[in-house]
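Asker: sequence and predicted structure are below.
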Amino acid sequence: MISTKALPFNKYRVTFTLDRDDPPGPVSVVGCFNDWTPGSHRLRNRTGGLRSTTVVVPAGSTVSFRYLAADGTWSDDPDVADRDEDGNAVITV
C-alpha cells in the first residue's frame, strides 16, 4: 500500500507499507529516490502487523520503485498498477 501526503515547501511524503511477513524477512524499498540502493529505506515493523518506510520527494515527481527482500527476491506493490519501461511500479505525486 502506498500513501502520500502533501508537505510544506512543495514536497510530498510517500509511505510504503507491506504486511509484516509478506515477503518474509527484511525488505527494503529501492527506487529512483535512493539511486536503487538496497537497504537505504528498510521497512520497519509497525503496529497492526504492518511494516513501512517513508521518503520525501518534490511535488510533481514520478517515483519508480520495487521491493527487495534480503534473499534477493524482487516484488511489486500489489496496489500499484502503473509501470515504467523497465517494469518498475510508478506513482506520480
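Answerer: Thanks, I have it.

Asker: CA only for contacts and neighbour counts going forward, please
Answerer: Fine.

Asker: note down every partner strand of the worst-scoring helix or strand of the chain on mean pLDDT and its orientation.
Answerer: Every helix and strand of the chain was ranked by mean pLDDT, DSSP states H and E. The lowest is strand 74-75, at a mean of 94. Looking at strand 74-75 with DSSP bridges, its partner strands are strand 62-69 (antiparallel).

Asker: buried ones in the strand it pairs with?
Answerer: By neighbour count on 16 or more other C-alpha atoms under 10 Å, the buried set for strand 62-69 is V63, S64, F65, R66, Y67, L68, A69.

Asker: so for that strand, what's the average pLDDT?
Answerer: The predicted model assigns strand 62-69 a mean pLDDT of 96.

Asker: how about that strand as PDB, C-alpha atoms only?
Answerer: Taking only C-alpha atoms (Å, rounded to 0.1, in the frame of the first residue of the first chain), the coordinates of strand 62-69 have been written out as PDB:
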ATOM      1  CA  THR A  62       7.300  10.500 -10.800                       C
ATOM      2  CA  VAL A  63       8.600   7.800  -8.400                       C
ATOM      3  CA  SER A  64       9.600   4.400  -9.700                       C
ATOM      4  CA  PHE A  65      10.300   1.600  -7.200                       C
ATOM      5  CA  ARG A  66      10.300  -2.100  -6.200                       C
ATOM      6  CA  TYR A  67      10.700  -4.000  -3.000                       C
ATOM      7  CA  LEU A  68      13.800  -6.100  -2.400                       C
ATOM      8  CA  ALA A  69      13.800  -8.900   0.200                       C
END
